[in-house]
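**Student:** Got a predicted structure here, sequence first:
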Amino acid sequence: MMHGALEDITKAVGHTPIIKLRKIGADCPAEIYVKCEFLNPGGSHKDRLAANLLNRAEEGGLKPGGTIVEATSGNTGASLALLAAIRGYKCIFVMPDKMSQEKIAHLRAFGAKVVVCPTAVEPDDPRSYYSVSKRLATETENVFFANQYHNPANPEAHYTSSAPEIWEQTRGEFDAFVAGMGTGGTISGCGKYFKERKPEMQIVGVDPVGSLYYDFVKSGRITKPFSYKVEGIGEDFFPTTMNLKILDDIVRVDDKECFLTTRDLTRLEGLFVGGSGGAAVAGAVKYARASGKKQRILVFLCDAGHKYMSKIFNDEWMRENGFLDDAPGIGTVSDILTAKGSRNLVTVPSDSSVRTAIDTLKTHGISQVPVVDSGTLRGIVAEIHLLRHLITGVKTLDSPVGDLVVSDYATVTPNTKIELLQSVLAETKVAMVEDKGQLIGIVTKIDLIDFLAQRSGPLSVAG
Ligand SMILES: Cc1ncc(COP(=O)(O)O)c(C=O)c1O
């Protein structure tokens, strides 16, 4: 072997640099640093995971020549395809259709077979990418189903690779670790390692609007997930690789924040990252501002910008989706709240009685009311739920309403586009509007209709 050469490309995984941000978040008392996992040879942090998954499978008897099957948003596939090229496996990858064309082309460039499935179906629907990958895994001979959502070798890869590397690089001299959460492998594995060595370290997850994680961590409730554009983070189910208990805090970001921060990372800091990198940094800046402390924050940046040229780095796509300010579209949820104006947000605390809740519904002529304690949303109660409980006799008029709340709603932010709200309200009756963890409004189908009708002038009746 020539001096200085590596045996093959897989030996180049890891040893990624940590860089201090110079401009983004410069107004915060905190210093923000980023771990550049997008510089891995397969293009993301998933290189560490793929190696660990395949090593474990080979220890369990998997032999080269077999087929690797996986459900992937693209990056795990890319990392497995790279390993497969070196170790002699075939690959079949199943992807949701929202993923960028570049990711599909990348996998096909490595000779992988790619099956594309609809994003907008439930995870247990037979057409979902989770279900299709499971089915292909049972129908294929000599197969290895990588199963990153439920394989303990996923968080283990970060516990044994990413985290010790970060610890060695920094000597543990940081106060908070911020990462986006998809399978949760990164945050669960790294979080465990850091907490074992420094229990006061803050582990902060970043979650896109539309995903389940945020509401569940904040209120213990499973609200209605809906689709969003940022790739690789957020979920509509709970993977067993995600240890939500490791989190000290969770921050929510919307698509526009993710993509504008992704562009800033490239243009202001020279860091050519993908959308989840923008999400993680946008989340870190929010966390830094909210805590207002002098501290060191380390942010995990997963993949590179090349795979998003047709999206985040394409003005036309950004404009079409309303992510550029020169294309305001129909407006945002904030415009609906402004239009509703004087109709203040009506809420009840969880210790108020069913009787009080019914009075509130009657007085304000509304059909559901949010149950809120000190600004924090606990859930909603609607006429129909109260009625059901009274008829069955399970609860009385004096029962506390907190026992009857349901999570039959979606949560959006003031920046959520009306175009997206329309599809959210097609799935659920009501959307809660939250800003900085506080409930600031509620939007129903009729509010949206009112807003759109006012916008297009007074309704005229023909005849
Ligand atoms: C671009 C990108 N960012 C973030 C993540 C989330 O990482 P993890 O699955 O370890 O939570 C993924 C995972 O698919 C990803 O592809």
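**Tutor:** Nice, thanks for sending it over.

**Student:** make it CA atoms for all contacts and neighbour counts henceforth
**Tutor:** Will do.

**Student:** Residue numbers of this protein in contact with the ligand?
**Tutor:** 73, 75, 180-186, 231-233, 276, 302-303 (CA under 6 Å from any ligand atom).

**Student:** wait, is Val443 part of a strand?
**Tutor:** Yes. Counting by DSSP: H, G, I helix; E, B strand; the rest coil, one finds Val443 located in a strand.

**Student:** ok, now which ones touch it?
**Tutor:** Ile336, Leu337, Val430, Ala431, Met432, Val433 (CA atoms under 8 Å, 6 or more residues apart in numbering).

**Student:** what bridges to it?
**Tutor:** Beta-bridge partners recorded for Val443 (DSSP bridges): Ala431.

**Student:** Tell me how far it lies from Gly329.
**Tutor:** As judged by CA to CA, to the nearest Å, Val443 and Gly329 stand 19 Å apart.

**Student:** Helix, strand, or coil at the closest residue to Ala339 other than its chain neighbours?
**Tutor:** Distances taken as CA to CA, 6 or more residues apart in numbering put Phe451 closest to Ala339, at 6.9 Å, once the chain neighbours are dropped. Put simply, Phe451 is helix when judged by three-state DSSP.

**Student:** ok, back up a step: of the residues of the chain next to the ligand, closest to Arg171?
**Tutor:** Thr186 (19.1 Å; CA to CA).

**Student:** and the chain, what are its domains?
**Tutor:** What automatic domain parsing lists as the domains of the chain is 9-43+163-320, 46-145, 333-454.

**Student:** can you redo these as JSON lines with distance to Pro152?
**Tutor:** Shown next, in JSON lines, are those (distance: least, CA to CA, whole Å):
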{"stretch": "domain 9-43+163-320", "distance to Pro152": "6"}
{"stretch": "domain 46-145", "distance to Pro152": "9"}
{"stretch": "domain 333-454", "distance to Pro152": "30"}
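
**Student:** mind giving me CSV with those domains and columns for mean pLDDT?
**Tutor:** Output for the domains of the chain, formatted as CSV (pLDDT from 0 to 100):
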stretch, mean pLDDT
domain 9-43+163-320, 97
domain 46-145, 91
domain 333-454, 88
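
**Student:** Got a quick PyMOL command for the buried subset of the contacts of Val443?
**Tutor:** In PyMOL, this line selects whichever of these come out buried by 16 or more other CA atoms under 10 Å:
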select buried, resi 336+337+430+431+432+433
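
**Student:** quick revisit: and of the domains of the chain, who's closest to Ala153?
**Tutor:** Taking CA to CA, domain 46-145 is the member of those nearest to Ala153, at 5.6 Å.

**Student:** Verify the stated contact: Leu244 with Asp215.
**Tutor:** No. Look at Leu244 against Asp215 with CA atoms under 8 Å: they stay out of range, at 11.8 Å.

**Student:** Which residue of those two possesses the greater neighbour count?
**Tutor:** Using other CA atoms under 10 Å as the criterion, Leu244 and Asp215 rank with Asp215 on top: 25 against 20.

**Student:** For the stretch 51-200 of the chain, which segments are assigned as strands?
**Tutor:** With DSSP state E, counting those that start in this stretch, the ranges of strands along the stretch 51-200 of the chain come out as 67-71, 90-96, 113-117, 143-145, 176-180.

**Student:** Relative to Asn314, which of these is closest?
**Tutor:** When the strands of the stretch 51-200 of the chain are compared (using CA to CA), the closest one is strand 90-96, at 20.9 Å.

**Student:** the inter-axis angle of the closest one versus strand 113-117?
**Tutor:** Counting by axes from the mean of the first three to the mean of the last three CA atoms, to 10 degrees, strand 90-96 lies at 20 degrees to strand 113-117.

**Student:** With just CA atoms, put strand 90-96 into PDB.
**Tutor:** Once non-C-alpha atoms are left out, strand 90-96 reads as follows in PDB (Å, rounded to 0.1, in the frame of the first residue of the first chain):
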ATOM      1  CA  LYS A  90     -27.300  -5.800  -4.800                       C
ATOM      2  CA  CYS A  91     -29.700  -3.000  -3.500                       C
ATOM      3  CA  ILE A  92     -33.400  -2.300  -3.700                       C
ATOM      4  CA  PHE A  93     -34.500   1.000  -2.100                       C
ATOM      5  CA  VAL A  94     -38.000   2.200  -1.500                       C
ATOM      6  CA  MET A  95     -38.500   5.900  -1.300                       C
ATOM      7  CA  PRO A  96     -41.500   8.300  -0.700                       C
END
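
**Student:** Just the buried positions in that strand, please.
**Tutor:** Lys90, Cys91, Ile92, Phe93, Val94, Met95, Pro96.

**Student:** Please apply the same query to stretch 25-37.
**Tutor:** Neighbour-count burial for stretch 25-37 [16+ other CA under 10 Å]: Gly25, Cys28, Ala30, Glu31, Ile32, Tyr33, Val34, Lys35, Cys36, Glu37.

**Student:** Which two among the residues you listed are spaced furthest apart?
**Tutor:** Farthest pair in the buried residues of stretch 25-37 (CA to CA) is Cys28 and Glu37. Separation: 24.2 Å.

**Student:** give the contact list for Ala410.
**Tutor:** Ala410 is in contact with Gly210, Thr223, Lys224, Pro225, Phe226, Val424, Thr428, Val430, Ala431, Met432, counting by CA under 8 Å, 6+ apart.

**Student:** Out of those, which is nearest to the ligand?
**Tutor:** Gly210 (15.5 Å; CA to the nearest ligand atom).

**Student:** Which secondary structure element is home to the closest one?
**Tutor:** Secondary structure from DSSP states H and E places Gly210 outside every helix and strand.

**Student:** again with Gly205
**Tutor:** strand 202-208.

**Student:** got a list of contacts for that strand?
**Tutor:** 175-181, 187, 191, 213-214, 228, 230, 233-234, 246-255, 279-280, 283.

**Student:** I only care about those residues that end up buried; give me the PyMOL line for that.
**Tutor:** The buried subset of those, as determined by 16+ other CA under 10 Å, is captured in PyMOL by this line:
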select buried, resi 175+176+177+178+179+180+181+187+191+213+214+228+230+233+234+246+247+249+250+251+252+253+254+255+279+280+283
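
**Student:** In helices only, show me the contacts of strand 202-208.
**Tutor:** Ile187, Gly191, Tyr213, Tyr214, Asp255, Ala279, Ala280, Gly283 (DSSP state H).

**Student:** can you tell me which of the residues you listed lies nearest to the ligand?
**Tutor:** Ile187 (6.3 Å).

**Student:** Please give me every residue in contact with that closest one.
**Tutor:** Pro155, Ala179, Gly180, Met181, Ile203, Gly205, Met242.

**Student:** Tell me how many other residues crowd the first one.
**Tutor:** What that stands for is Pro155. Pro155 has 28 neighbouring residues, counting by other CA under 10 Å.

**Student:** Against Leu425, how distant is it?
**Tutor:** Distance check for Pro155 against Leu425: by CA to CA, it reads 35 Å.

**Student:** repeat for the fourth one
**Tutor:** For Met181, the distance to Leu425 (CA to CA) stands at 25 Å.
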